[in-house]
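Engineer: here are the coordinates; sequence isn't available:
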Ligand code: ADE
């Protein structure tokens with residue numbers, strides 16, 4: 001037990017992704033700040049604060065800054081869903097982020113495409129130790145699981161973030177090609193990770209993220225999305241986060 005420590009922040013975009021976790025938190029207290037509810041308590045012997053980023057980069061940055069400034073989180077772990085854009089990344093797989101790029105950042109010709117102005121970098125780093133723990137727990141959580149008759153796999157790689165739900169095969173292909181032309185091979189797309197990582201890097205707080213692939217960012221991306229979150233992503237997120245906390 002190390003409940004006198006600063007909390008570990010568990011962040012997701014959608015409420016369904018955290019339902020199981022919130023029920024398991026001992027002494028759960030809800031603190032409201034900047035229009036968001038933060039769930040403070042103890043989970044598996046670790047002080048935690050559960051929060052929802054909401055959707056998109058700005059919303060995620062607000063939640064993350066509050067987690068760090070107000071709650072003094074010592075690490076931020078993001079769990080959620082993403083669209084798979086890597087060739088062998090299928091629905092039901094999991095991607096642990098090795099870094100994040102903002103696929104909609106473009107201040108060219110002032111700065112190179114994808115570079116965050118005045119930082120000299122396009123890729124937001126994640127914390128290697130927390131990411132390694134997430135990788136190990138993801139492998140344990142997915143062992144023996146199948147989706148649509150195929151064994152679910154754990155990948156580690158770059159995740160591309162932007163303020164778009166990508167739901168066209170043509171758009172996904174073009175996005176991947178643009179990133180590849182700049183040397184960024186992305187496995188998945190989502191809407192918050194790069195913002196969370198950037199805020200955490202600004203504050204020098206470790207961040208790691210895991211995303212379950214809910215769709216292929218193509219023309220059927222929106223189909224069965226809520227059902228997938230409920231039936232698959234929530235279950236994986238629960239197992240991975242509980243495993244992570246118990247391993248500390
Ligand atoms: N999150 C889950 N699927 C996504 C997609 N296709 N685009 C952006 N964010 C997502």
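Structural biologist: Alright, I've got the coordinates. Keep in mind that what you see is a predicted model, and the values were worked out from it rather than measured.
Engineer: from here on, contacts and neighbour counts on C-alpha atoms
Structural biologist: OK.
Engineer: which residues touch the lowest-mean-pLDDT helix or strand in the chain?
Structural biologist: The least trusted helix or strand in the chain, going by mean pLDDT, DSSP states H and E, turns out to be helix 225-228, with a mean of 83. With contact meaning Cα atoms under 8 Å, 6 or more residues apart in numbering, helix 225-228 is reached by 214-215.
Engineer: What is the distance between that helix and the centre of its chain?
Structural biologist: Relative to its chain's centre, helix 225-228 lies at 17 Å (Cα atoms, centre = their mean, to the nearest Å).
Engineer: What residues sit buried inside that helix?
Structural biologist: residue 228 (16 or more other Cα atoms under 10 Å).
Engineer: And the helix or strand following that helix, what's buried?
Structural biologist: Heading C-terminal from helix 225-228, the first helix or strand you meet, by DSSP states H and E, is helix 234-246. By neighbour count on 16+ other Cα under 10 Å, the buried set for helix 234-246 is 234-245.
Engineer: Can you lay out those residues as a markdown table showing distance to residue 22 and pLDDT?
Structural biologist: Output for these, formatted as a markdown table (distance: Cα to Cα, whole Å; pLDDT from 0 to 100):
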| residue | distance to residue 22 | pLDDT |
| --- | --- | --- |
| 234 | 12 | 91 |
| 235 | 13 | 92 |
| 236 | 15 | 94 |
| 237 | 12 | 94 |
| 238 | 10 | 94 |
| 239 | 13 | 96 |
| 240 | 14 | 97 |
| 241 | 12 | 97 |
| 242 | 11 | 97 |
| 243 | 15 | 97 |
| 244 | 16 | 98 |
| 245 | 14 | 98 |
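Engineer: when you check the ligand, which of these turn up near it?
Structural biologist: Among these, no residue lies close to the ligand (Cα under 6 Å from any ligand atom).
Engineer: what about the helices in the protein?
Structural biologist: Secondary structure of the chain by DSSP state H: the helices cover 19-24, 57-69, 128-142, 169-181, 193-203, 225-228, 234-246.
Engineer: where does this protein have low pLDDT?
Structural biologist: 1-3 (pLDDT under 70).
Engineer: do that again at 80, thanks
Structural biologist: For the chain, the stretches with pLDDT under 80 are 1-4, 221-225.
Engineer: ok, which residues in it are in contact with the ligand?
Structural biologist: The chain comes close to the ligand at residues 81-83, 164-167, 189-191, 214-215, 217, 221, as judged by Cα under 6 Å from any ligand atom.
Engineer: Mind checking which of these are buried?
Structural biologist: So, by 16+ other Cα under 10 Å, the buried ones in the residues of the chain next to the ligand are 81-83, 165-167, 189-191, 214-215, 217, 221.
Engineer: end-to-end on stretch 119-133?
Structural biologist: Start-to-end span of stretch 119-133 (Cα to Cα, to the nearest Å) is 28 Å.
Engineer: Contacts for that stretch, please.
Structural biologist: Contacts for stretch 119-133 (Cα under 8 Å, 6+ apart): 96-102, 114-116, 194, 197-198, 201, 206-209, 244.
Engineer: buried sites along that stretch?
Structural biologist: So for stretch 119-133, counting by 16+ other Cα under 10 Å, buried means 122-127, 130-131, 133.
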